[in-house]
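Asks: Fold the following.
(chains A and B)
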Protein chains: 2
Amino acid sequence: MRGLLVVVSGPSGAGKGTVCQALCRRLGNIHLSVSATTRPPRAGEEDGVHYFFVNNEKFQEMIAQDELLEWARVYRDYYGTPRGPVTRMLESGRDVILEIDVQGALQVKGKVPEAVLVFLRPPSMEELERRLRLRGTDSEERIAKRLEWARNELEAMAKYDYVVVNDRVEEAVVKVEAIIRAEKSRSSYLSGPRT
Amino acid sequence: MRGLLVVVSGPSGAGKGTVCQALCRRLGNIHLSVSATTRPPRAGEEDGVHYFFVNNEKFQEMIAQDELLEWARVYRDYYGTPRGPVTRMLESGRDVILEIDVQGALQVKGKVPEAVLVFLRPPSMEELERRLRLRGTDSEERIAKRLEWARNELEAMAKYDYVVVNDRVEEAVVKVEAIIRAEKSRSSYLSGPRT
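Replies: Purely as a prediction, here's the structure:
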(Lines give C-alpha, C1' and ligand atoms only; values in the text may rest on other atoms or scores of the structure.)
Protein backbone atom coordinates (compact mmCIF):
# COMPACT_ATOMS: atom_id res chain seq x y z
CA MET A 1 0.00 0.00 0.00
CA ARG A 2 1.31 3.42 -1.00
CA GLY A 3 2.02 5.81 1.88
CA LEU A 4 -0.02 8.88 2.76
CA LEU A 5 1.17 12.42 1.98
CA VAL A 6 0.28 14.75 4.84
CA VAL A 7 0.86 18.49 4.61
CA VAL A 8 1.04 20.35 7.92
CA SER A 9 0.83 24.03 7.23
CA GLY A 10 -0.20 27.33 8.77
CA PRO A 11 1.22 30.70 9.73
CA SER A 12 4.76 31.01 10.98
CA GLY A 13 4.51 30.66 14.76
CA ALA A 14 1.53 28.25 14.69
CA GLY A 15 3.81 25.52 16.01
CA LYS A 16 4.24 23.41 12.86
CA GLY A 17 7.74 22.27 13.78
CA THR A 18 6.89 21.17 17.32
CA VAL A 19 3.77 19.28 16.22
CA CYS A 20 5.53 17.53 13.32
CA GLN A 21 8.42 16.41 15.47
CA ALA A 22 6.07 15.03 18.13
CA LEU A 23 4.10 13.21 15.44
CA CYS A 24 7.23 11.54 14.09
CA ARG A 25 8.11 10.36 17.59
CA ARG A 26 4.61 8.91 18.14
CA LEU A 27 4.08 7.29 14.75
CA GLY A 28 6.60 4.75 13.55
CA ASN A 29 6.09 4.73 9.83
CA ILE A 30 6.16 8.44 9.09
CA HIS A 31 8.96 10.48 7.63
CA LEU A 32 9.43 14.25 7.75
CA SER A 33 10.36 15.55 4.31
CA VAL A 34 13.50 17.69 4.16
CA SER A 35 13.07 20.95 2.26
CA ALA A 36 15.60 22.70 0.09
CA THR A 37 16.28 26.35 0.83
CA THR A 38 18.53 29.16 -0.24
CA ARG A 39 18.50 30.81 3.19
CA PRO A 40 21.61 30.49 5.33
CA PRO A 41 21.57 27.88 8.12
CA ARG A 42 20.56 29.07 11.61
CA ALA A 43 22.66 28.01 14.57
CA GLY A 44 22.49 24.23 15.01
CA GLU A 45 20.93 23.47 11.63
CA GLU A 46 22.55 20.69 9.62
CA ASP A 47 22.55 20.29 5.85
CA GLY A 48 20.43 17.30 4.79
CA VAL A 49 18.81 17.05 8.23
CA HIS A 50 16.96 20.33 8.78
CA TYR A 51 17.20 21.54 5.19
CA PHE A 52 19.15 20.97 2.04
CA PHE A 53 21.02 24.26 1.86
CA VAL A 54 21.52 25.17 -1.78
CA ASN A 55 22.56 28.31 -3.56
CA ASN A 56 20.26 30.40 -5.70
CA GLU A 57 21.56 29.00 -8.98
CA LYS A 58 20.93 25.40 -7.93
CA PHE A 59 17.43 26.29 -6.71
CA GLN A 60 16.51 27.93 -10.04
CA GLU A 61 17.74 24.81 -11.81
CA MET A 62 15.49 22.63 -9.62
CA ILE A 63 12.50 24.85 -10.51
CA ALA A 64 13.34 24.70 -14.22
CA GLN A 65 13.63 20.91 -14.19
CA ASP A 66 10.36 20.48 -12.26
CA GLU A 67 12.19 18.80 -9.41
CA LEU A 68 10.11 20.61 -6.77
CA LEU A 69 6.71 19.50 -5.50
CA GLU A 70 6.18 23.07 -4.32
CA TRP A 71 8.32 26.11 -3.84
CA ALA A 72 7.89 29.60 -2.50
CA ARG A 73 9.82 32.77 -2.07
CA VAL A 74 9.61 34.11 1.48
CA TYR A 75 11.19 37.53 1.74
CA ARG A 76 14.42 37.07 -0.24
CA ASP A 77 14.79 33.34 0.34
CA TYR A 78 13.49 30.34 -1.55
CA TYR A 79 12.07 27.21 0.03
CA GLY A 80 10.94 24.06 -1.79
CA THR A 81 10.22 20.36 -1.48
CA PRO A 82 12.31 18.07 -3.72
CA ARG A 83 9.87 15.70 -5.41
CA GLY A 84 12.09 12.62 -5.80
CA PRO A 85 12.62 11.64 -2.14
CA VAL A 86 8.92 12.15 -1.33
CA THR A 87 7.74 9.97 -4.22
CA ARG A 88 10.21 7.23 -3.35
CA MET A 89 9.11 7.14 0.32
CA LEU A 90 5.40 7.06 -0.59
CA GLU A 91 6.00 4.25 -3.08
CA SER A 92 7.86 2.23 -0.46
CA GLY A 93 4.73 2.47 1.74
CA ARG A 94 5.97 5.09 4.18
CA ASP A 95 3.89 8.12 5.11
CA VAL A 96 5.45 11.53 4.51
CA ILE A 97 4.80 14.80 6.34
CA LEU A 98 5.54 18.09 4.67
CA GLU A 99 5.90 20.98 7.07
CA ILE A 100 5.44 23.95 4.79
CA ASP A 101 3.85 27.36 4.52
CA VAL A 102 0.44 28.14 3.06
CA GLN A 103 1.63 29.03 -0.45
CA GLY A 104 3.43 25.71 -0.69
CA ALA A 105 0.56 23.67 0.73
CA LEU A 106 -1.87 24.84 -1.94
CA GLN A 107 0.69 24.08 -4.67
CA VAL A 108 1.05 20.54 -3.34
CA LYS A 109 -2.74 20.05 -3.37
CA GLY A 110 -2.73 21.17 -7.01
CA LYS A 111 0.00 18.70 -7.99
CA VAL A 112 -0.96 15.83 -5.66
CA PRO A 113 -4.76 15.91 -5.20
CA GLU A 114 -4.75 13.01 -2.72
CA ALA A 115 -2.44 14.91 -0.34
CA VAL A 116 -4.10 15.57 3.02
CA LEU A 117 -3.88 19.24 4.03
CA VAL A 118 -3.88 20.13 7.71
CA PHE A 119 -4.00 23.78 8.70
CA LEU A 120 -2.44 24.36 12.08
CA ARG A 121 -3.65 27.59 13.57
CA PRO A 122 -2.63 29.51 16.64
CA PRO A 123 -5.42 30.06 19.19
CA SER A 124 -5.31 33.83 18.50
CA MET A 125 -3.26 36.57 16.83
CA GLU A 126 -2.10 37.71 20.29
CA GLU A 127 -0.77 34.24 21.05
CA LEU A 128 0.91 34.11 17.64
CA GLU A 129 2.69 37.42 18.31
CA ARG A 130 3.80 36.15 21.72
CA ARG A 131 5.27 32.97 20.17
CA LEU A 132 7.12 34.83 17.45
CA ARG A 133 8.78 37.09 20.03
CA LEU A 134 9.55 34.09 22.27
CA ARG A 135 11.33 32.37 19.39
CA GLY A 136 13.71 35.30 19.26
CA THR A 137 14.87 34.72 15.68
CA ASP A 138 13.08 37.59 13.99
CA SER A 139 13.50 41.38 14.02
CA GLU A 140 10.55 43.57 15.04
CA GLU A 141 10.02 44.47 11.40
CA ARG A 142 9.94 40.82 10.42
CA ILE A 143 7.52 39.99 13.22
CA ALA A 144 5.17 42.71 11.98
CA LYS A 145 5.40 41.28 8.46
CA ARG A 146 4.81 37.74 9.71
CA LEU A 147 1.68 38.88 11.56
CA GLU A 148 0.36 40.61 8.44
CA TRP A 149 1.02 37.43 6.45
CA ALA A 150 -0.69 35.33 9.11
CA ARG A 151 -3.88 37.36 8.73
CA ASN A 152 -3.88 36.62 4.98
CA GLU A 153 -3.04 32.99 5.54
CA LEU A 154 -5.97 32.45 7.91
CA GLU A 155 -8.19 33.27 4.95
CA ALA A 156 -6.75 30.28 3.06
CA MET A 157 -8.02 27.94 5.80
CA ALA A 158 -11.19 26.95 3.94
CA LYS A 159 -9.06 25.37 1.18
CA TYR A 160 -7.61 22.89 3.65
CA ASP A 161 -9.07 19.48 4.45
CA TYR A 162 -8.58 19.91 8.19
CA VAL A 163 -8.08 22.71 10.69
CA VAL A 164 -6.42 22.03 14.04
CA VAL A 165 -6.06 24.74 16.66
CA ASN A 166 -2.66 24.43 18.32
CA ASP A 167 -3.53 25.55 21.81
CA ARG A 168 -1.91 22.68 23.71
CA VAL A 169 0.68 20.80 21.64
CA GLU A 170 -0.27 17.33 22.97
CA GLU A 171 -3.91 17.82 21.99
CA ALA A 172 -2.99 19.08 18.55
CA VAL A 173 -0.74 16.06 18.01
CA VAL A 174 -3.50 13.63 19.04
CA LYS A 175 -5.85 15.33 16.57
CA VAL A 176 -3.41 15.14 13.68
CA GLU A 177 -2.71 11.50 14.55
CA ALA A 178 -6.46 10.74 14.37
CA ILE A 179 -6.58 12.51 10.98
CA ILE A 180 -3.75 10.34 9.64
CA ARG A 181 -5.39 7.14 10.97
CA ALA A 182 -8.78 8.13 9.57
CA GLU A 183 -7.37 9.00 6.15
CA LYS A 184 -6.01 5.46 5.91
CA SER A 185 -9.60 4.21 6.06
CA ARG A 186 -10.80 6.61 3.33
CA SER A 187 -12.39 4.70 0.49
CA SER A 188 -10.56 6.96 -1.98
CA TYR A 189 -7.21 6.08 -0.35
CA LEU A 190 -7.99 2.36 -0.22
CA SER A 191 -9.01 2.26 -3.86
CA GLY A 192 -5.54 3.48 -4.84
CA PRO A 193 -3.84 6.75 -5.74
CA ARG A 194 -5.05 8.79 -8.66
CA THR A 195 -1.51 9.85 -9.53
CA MET B 1 -21.21 23.33 17.86
CA ARG B 2 -23.62 21.05 16.06
CA GLY B 3 -23.02 17.28 16.51
CA LEU B 4 -21.68 14.94 13.84
CA LEU B 5 -23.92 12.47 12.02
CA VAL B 6 -22.08 9.17 11.53
CA VAL B 7 -23.57 6.36 9.50
CA VAL B 8 -22.16 2.89 10.16
CA SER B 9 -23.32 0.58 7.44
CA GLY B 10 -22.40 -2.59 5.59
CA PRO B 11 -23.72 -6.06 4.89
CA SER B 12 -25.73 -7.94 7.48
CA GLY B 13 -23.17 -9.92 9.49
CA ALA B 14 -20.38 -7.34 9.11
CA GLY B 15 -20.64 -6.62 12.84
CA LYS B 16 -22.35 -3.21 12.77
CA GLY B 17 -24.19 -3.78 16.06
CA THR B 18 -21.14 -4.89 18.02
CA VAL B 19 -18.97 -2.04 16.72
CA CYS B 20 -21.63 0.63 17.35
CA GLN B 21 -22.26 -0.54 20.90
CA ALA B 22 -18.54 -0.56 21.68
CA LEU B 23 -18.23 2.95 20.22
CA CYS B 24 -21.02 4.26 22.43
CA ARG B 25 -19.26 2.81 25.48
CA ARG B 26 -15.93 4.42 24.52
CA LEU B 27 -17.19 7.84 23.46
CA GLY B 28 -19.21 9.87 25.93
CA ASN B 29 -21.05 12.28 23.69
CA ILE B 30 -22.44 9.91 21.10
CA HIS B 31 -25.95 8.58 20.82
CA LEU B 32 -27.15 5.56 18.84
CA SER B 33 -30.25 6.45 16.86
CA VAL B 34 -33.25 4.17 17.38
CA SER B 35 -34.87 2.99 14.15
CA ALA B 36 -38.52 2.41 13.50
CA THR B 37 -39.50 -0.97 12.06
CA THR B 38 -42.56 -2.98 11.15
CA ARG B 39 -40.88 -6.30 11.87
CA PRO B 40 -41.89 -8.12 15.06
CA PRO B 41 -39.52 -7.86 18.06
CA ARG B 42 -36.96 -10.64 18.51
CA ALA B 43 -36.52 -12.16 21.95
CA GLY B 44 -35.17 -9.54 24.37
CA GLU B 45 -35.83 -6.53 22.15
CA GLU B 46 -37.60 -3.60 23.79
CA ASP B 47 -39.77 -0.99 22.11
CA GLY B 48 -38.06 2.43 22.13
CA VAL B 49 -34.70 0.91 23.05
CA HIS B 50 -33.74 -1.46 20.23
CA TYR B 51 -36.40 -0.24 17.80
CA PHE B 52 -39.62 1.66 17.70
CA PHE B 53 -41.96 -1.16 16.73
CA VAL B 54 -44.77 0.27 14.62
CA ASN B 55 -47.42 -1.25 12.41
CA ASN B 56 -47.47 -0.96 8.66
CA GLU B 57 -50.08 1.80 8.60
CA LYS B 58 -48.08 4.01 10.96
CA PHE B 59 -44.91 3.42 8.93
CA GLN B 60 -46.62 4.45 5.66
CA GLU B 61 -47.83 7.58 7.40
CA MET B 62 -44.28 8.44 8.49
CA ILE B 63 -43.08 8.03 4.89
CA ALA B 64 -45.91 10.21 3.57
CA GLN B 65 -45.20 12.97 6.08
CA ASP B 66 -41.43 12.90 5.35
CA GLU B 67 -40.68 11.97 8.95
CA LEU B 68 -37.98 9.49 7.94
CA LEU B 69 -34.36 10.35 7.21
CA GLU B 70 -34.12 7.06 5.32
CA TRP B 71 -36.20 3.97 5.00
CA ALA B 72 -35.95 0.64 3.30
CA ARG B 73 -37.94 -2.47 2.77
CA VAL B 74 -35.97 -5.59 3.63
CA TYR B 75 -37.85 -8.71 2.61
CA ARG B 76 -41.39 -7.95 3.83
CA ASP B 77 -40.40 -5.58 6.65
CA TYR B 78 -39.82 -1.84 6.72
CA TYR B 79 -37.00 -0.11 8.59
CA GLY B 80 -36.47 3.63 8.89
CA THR B 81 -34.84 6.42 10.86
CA PRO B 82 -37.18 9.01 12.38
CA ARG B 83 -35.77 12.42 11.48
CA GLY B 84 -36.94 14.43 14.51
CA PRO B 85 -34.90 12.81 17.31
CA VAL B 86 -31.73 12.83 15.16
CA THR B 87 -32.05 16.53 14.30
CA ARG B 88 -32.71 17.47 17.92
CA MET B 89 -29.66 15.56 19.18
CA LEU B 90 -27.38 17.07 16.51
CA GLU B 91 -28.63 20.56 17.31
CA SER B 92 -27.97 20.03 21.01
CA GLY B 93 -24.33 19.24 20.11
CA ARG B 94 -24.43 15.49 20.52
CA ASP B 95 -23.04 13.13 17.88
CA VAL B 96 -25.42 10.56 16.45
CA ILE B 97 -24.63 7.13 15.01
CA LEU B 98 -27.00 5.49 12.58
CA GLU B 99 -26.53 1.73 12.28
CA ILE B 100 -28.31 1.01 9.01
CA ASP B 101 -28.08 -1.02 5.84
CA VAL B 102 -26.55 0.12 2.56
CA GLN B 103 -29.79 1.30 0.94
CA GLY B 104 -30.50 3.52 3.93
CA ALA B 105 -26.96 4.89 4.15
CA LEU B 106 -27.01 6.21 0.60
CA GLN B 107 -30.41 7.83 1.20
CA VAL B 108 -29.01 9.62 4.27
CA LYS B 109 -26.04 10.91 2.24
CA GLY B 110 -28.52 12.27 -0.28
CA LYS B 111 -30.56 14.08 2.36
CA VAL B 112 -27.73 15.07 4.72
CA PRO B 113 -24.60 15.65 2.61
CA GLU B 114 -22.41 16.31 5.67
CA ALA B 115 -23.20 12.86 7.13
CA VAL B 116 -20.06 10.72 7.45
CA LEU B 117 -20.51 7.28 5.86
CA VAL B 118 -18.49 4.38 7.22
CA PHE B 119 -18.70 1.05 5.43
CA LEU B 120 -17.98 -1.83 7.75
CA ARG B 121 -16.95 -4.88 5.81
CA PRO B 122 -16.33 -8.45 6.85
CA PRO B 123 -12.80 -9.71 6.12
CA SER B 124 -14.22 -12.19 3.55
CA MET B 125 -17.44 -13.71 2.24
CA GLU B 126 -16.50 -16.97 4.01
CA GLU B 127 -16.22 -15.16 7.33
CA LEU B 128 -19.53 -13.38 6.68
CA GLU B 129 -21.26 -16.72 6.07
CA ARG B 130 -19.76 -18.13 9.26
CA ARG B 131 -21.02 -15.14 11.29
CA LEU B 132 -24.53 -15.32 9.89
CA ARG B 133 -24.77 -19.02 10.82
CA LEU B 134 -23.30 -18.34 14.27
CA ARG B 135 -25.96 -15.70 14.93
CA GLY B 136 -28.56 -18.42 14.50
CA THR B 137 -31.44 -16.07 13.71
CA ASP B 138 -31.81 -16.76 9.99
CA SER B 139 -33.02 -19.73 7.96
CA GLU B 140 -30.70 -21.28 5.35
CA GLU B 141 -32.71 -19.62 2.63
CA ARG B 142 -32.37 -16.23 4.31
CA ILE B 143 -28.64 -16.73 4.80
CA ALA B 144 -28.26 -17.48 1.08
CA LYS B 145 -30.21 -14.28 0.28
CA ARG B 146 -28.15 -12.24 2.72
CA LEU B 147 -24.93 -13.46 1.09
CA GLU B 148 -26.23 -12.55 -2.37
CA TRP B 149 -27.15 -9.09 -1.05
CA ALA B 150 -23.76 -8.72 0.58
CA ARG B 151 -22.05 -9.23 -2.79
CA ASN B 152 -24.15 -6.40 -4.25
CA GLU B 153 -23.58 -4.21 -1.24
CA LEU B 154 -19.79 -4.53 -1.45
CA GLU B 155 -20.09 -2.80 -4.82
CA ALA B 156 -21.60 0.24 -3.08
CA MET B 157 -18.42 0.66 -1.01
CA ALA B 158 -16.90 3.30 -3.30
CA LYS B 159 -19.79 5.65 -2.45
CA TYR B 160 -18.81 5.66 1.20
CA ASP B 161 -16.39 8.10 2.81
CA TYR B 162 -14.60 5.38 4.76
CA VAL B 163 -14.15 1.63 4.63
CA VAL B 164 -13.21 -0.29 7.77
CA VAL B 165 -12.57 -4.03 7.69
CA ASN B 166 -14.07 -5.63 10.77
CA ASP B 167 -11.56 -8.40 11.35
CA ARG B 168 -10.97 -7.80 15.05
CA VAL B 169 -13.72 -5.74 16.71
CA GLU B 170 -11.35 -3.70 18.94
CA GLU B 171 -9.29 -2.57 15.93
CA ALA B 172 -12.38 -1.66 13.96
CA VAL B 173 -13.68 0.40 16.89
CA VAL B 174 -10.37 2.28 17.22
CA LYS B 175 -10.49 3.07 13.50
CA VAL B 176 -14.06 4.38 13.60
CA GLU B 177 -13.16 6.43 16.67
CA ALA B 178 -10.25 8.02 14.78
CA ILE B 179 -12.63 8.78 11.89
CA ILE B 180 -15.05 10.56 14.23
CA ARG B 181 -12.24 12.56 15.87
CA ALA B 182 -10.75 13.48 12.51
CA GLU B 183 -14.10 14.56 11.07
CA LYS B 184 -14.41 17.04 13.93
CA SER B 185 -11.29 18.77 12.59
CA ARG B 186 -12.61 18.91 9.00
CA SER B 187 -12.66 22.48 7.76
CA SER B 188 -16.10 21.84 6.22
CA TYR B 189 -17.43 20.68 9.62
CA LEU B 190 -15.85 23.60 11.47
CA SER B 191 -17.24 26.17 9.05
CA GLY B 192 -20.75 24.98 9.91
CA PRO B 193 -23.38 22.67 8.47
CA ARG B 194 -24.71 23.24 5.00
CA THR B 195 -28.18 22.13 6.03
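Asks: Need the pLDDT of the closest residue to A:D167 other than its chain neighbours.
Replies: Closest residue in space to A:D167, ignoring its immediate chain neighbours: A:P123 at 4.6 Å, by CB to CB, 6 or more residues apart in numbering or on different chains. Just so you know, the C-beta spots here come from the backbone N, C-alpha and C atoms, and that holds for glycine as well. pLDDT recorded at A:P123 is 84.
Asks: hang on, A:P123 packs against A:V164?
Replies: No. Contact criterion CB atoms under 8 Å: A:P123 and A:V164 do not qualify, at 11.1 Å.
Asks: Of those two, which one has the most company?
Replies: Legend: neighbour count by other CB atoms under 10 Å in any protein chain shown for A:P123 and A:V164, higher for A:V164 (26 against 12).
Asks: For the residue sitting nearest the centre point of chain A, name its beta-bridge partners.
Replies: In chain A, the centroid-proximal residue (CA atoms, centre = their mean) is A:E99; its distance is 1.9 Å. Here A:E99 sits in beta bridges with A:V8, going by DSSP bridges.
Asks: mind listing what it touches?
Replies: A:V8, A:S9, A:K16, A:G17, A:C20, A:L32, A:S33, A:S35 (CB atoms under 8 Å, 6 or more residues apart in numbering or on different chains).
Asks: can you put the residues you listed in CSV and add pLDDT?
Replies: Formatted as CSV, those follow (pLDDT from 0 to 100):
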residue, pLDDT
A:V8, 96
A:S9, 93
A:K16, 92
A:G17, 91
A:C20, 94
A:L32, 92
A:S33, 93
A:S35, 91
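Asks: So which of those belong to strands?
Replies: A:V8, A:S9, A:L32, A:S35 (DSSP state E).
Asks: could you measure the second one against A:R121, distance?
Replies: Using CB to CB, to the nearest Å, one gets 10 Å for the distance from A:S9 to A:R121.
Asks: go on, the first one?
Replies: Separation of A:V8 from A:R121 (CB to CB) stands at 11 Å.
Asks: which one of these two has more residues nearby?
Replies: Neighbours were counted for A:V8 and for A:R121 using other CB under 10 Å; A:V8 has more, 27 against 22.
Asks: near chain B, which residues of chain A?
Replies: Residues of chain A found near chain B (CB under 8 Å from any CB of the partner chain) are A:118-119, A:157-164, A:174-175, A:177-179, A:181-183, A:185-187, A:190-191.
Asks: Please produce a PyMOL select command covering the buried subset of those residues.
Replies: A single PyMOL command selects the buried members of these (16 or more other CB atoms under 10 Å in any protein chain shown):
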select buried, chain A and resi 118+119+157+160+161+162+163+164+174+175+177+178+179+181+182+183+185+186+187+190
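Asks: Looking at the residues of chain A next to chain B, which are in helices?
Replies: A:V174, A:K175, A:E177, A:A178, A:I179, A:R181, A:A182, A:E183, A:S187, A:L190 (DSSP state H).
Asks: Spatially, which residue comes closest to the last one, not counting chain neighbours?
Replies: Nearest non-adjacent residue to A:L190, counting by CB to CB, 6+ apart: B:V163, 5.4 Å away.
Asks: So in terms of bridging, what pairs with the one you found?
Replies: Bridge pairing for B:V163 - DSSP bridges - gives B:F119.
Asks: residues contacting it?
Replies: By CB under 8 Å, 6+ apart, the contact list for B:V163 reads A:S185, A:R186, A:S187, A:L190, B:V118, B:F119, B:R121, B:M157.
Asks: So what sits opposite A:R186 in the bridge?
Replies: B:Y162.
Asks: That one contacts B:Y162, doesn't it?
Replies: Yes. A:R186 is in contact with B:Y162 according to CB under 8 Å; the separation is 5.9 Å.
Asks: got the phi/psi numbers for the nearest residue to A:L5 once chain neighbours are set aside?
Replies: Spatial nearest neighbour of A:L5, excluding adjacent residues (CB to CB, 6+ apart): A:A115 at 4.3 Å. Dihedral pair for A:A115: phi -60, psi 140, per degrees, to the nearest 10.
Asks: residues near A:A115, how many?
Replies: Neighbours of A:A115 using other CB under 10 Å come to 22.
Asks: pLDDT wise, what is it at?
Replies: On pLDDT, A:A115 comes in at 96.
Asks: That one contacts A:S9, correct?
Replies: No. Contact criterion CB under 8 Å: A:A115 and A:S9 do not qualify, at 10.6 Å.
Asks: Mutual contacts of those two, please.
Replies: With CB under 8 Å, 6+ apart, A:A115 and A:S9 have common neighbours A:L98.
Asks: Chain A: helices as residue ranges?
Replies: Here chain A has its helices, by DSSP H, at A:16-26, A:56-64, A:83-91, A:102-111, A:125-135, A:140-154, A:169-183, A:187-190.
Asks: Which other helices and strands does the fifth one contact?
Replies: If I follow you right, that is helix A:125-135. helix A:140-154 (3 or more CB pairs under 8 Å, 6 or more residues apart in numbering or on different chains; DSSP states H and E).
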